[in-house]
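Undergrad: got a predicted structure plus its sequence, pasted below:
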Amino acid sequence: MKKNKLLWLGTFSAAICAVALLCVLPTITGQSPHERDASIVVKEAFAPQYPRVALAAQVQGTVRVKATVTHDGSVGKVEALVGSPMLVPLVLEAAKKWKFESGREQAVELEFQFQALPSTAPKDQIGSVYIPPLAIIVRDRVPVIPDSAHG
């Protein structure tokens, strides 16, 4: 009985390790599970500013846009696929500024993740981070509202 229990425990442990490895493997290899097209080369990526109103309201989340890359590597048409209406307008402006290696015209999906951090978050956690090939993380602190502003 004890041998069967140990065998089951060993099998269960191996399964847990396998699942953990599958979750961590994209990080180890440097590949994002959201990686869509490794053949496209980004020359310049632009991040939007976190809208102050959205930050004060603690609006966060992902905005995805579809951008048409022209033959010269500039971005032509851009359309929002998903995201908060408070975040989308600045993302559309930023996406139009991206530059790609010239080549064939193609559509790419860009992802912008907005994270509203506590007002006490360390300064080194604030700002934008480019996540190759087609994503940006935008982090900022939620502003502190003085008590006198409440009434």
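TA: Structure received. Numbering: from 1, shown residues only.
Undergrad: quick one: the helices in the chain?
TA: 2-29, 52-56, 88-96 (DSSP state H).
Undergrad: so what's residue 87 closest to, chain neighbours aside?
TA: residue 63 (5.0 Å; CB to CB, 6 or more residues apart in numbering). No exception for glycine: its C-beta is placed from N, CA and C like everyone else's.
Undergrad: the one you found against residue 84, yeah?
TA: Yes: under the criterion of CB atoms under 8 Å, residue 63 lies in contact with residue 84, with a separation of 6.9 Å.
Undergrad: joint contacts of the two?
TA: Counting by CB atoms under 8 Å, 6 or more residues apart in numbering, the shared contacts of residue 63 and residue 84 are residue 114.
Undergrad: looking at the two, which has the bigger crowd around it?
TA: Between residue 63 and residue 84, counting by other CB atoms under 10 Å, residue 63 is the more crowded of the two (27 against 17).
Undergrad: what distance do you get for that one to residue 97?
TA: 15 Å (CB to CB, to the nearest Å).
Undergrad: now residue 129
TA: For residue 129 relative to residue 97 (CB to CB), the value is 17 Å.
Undergrad: and residue 126, by the same measure?
TA: Residue 126 sits at a distance of 21 Å from residue 97 (criterion: CB to CB).
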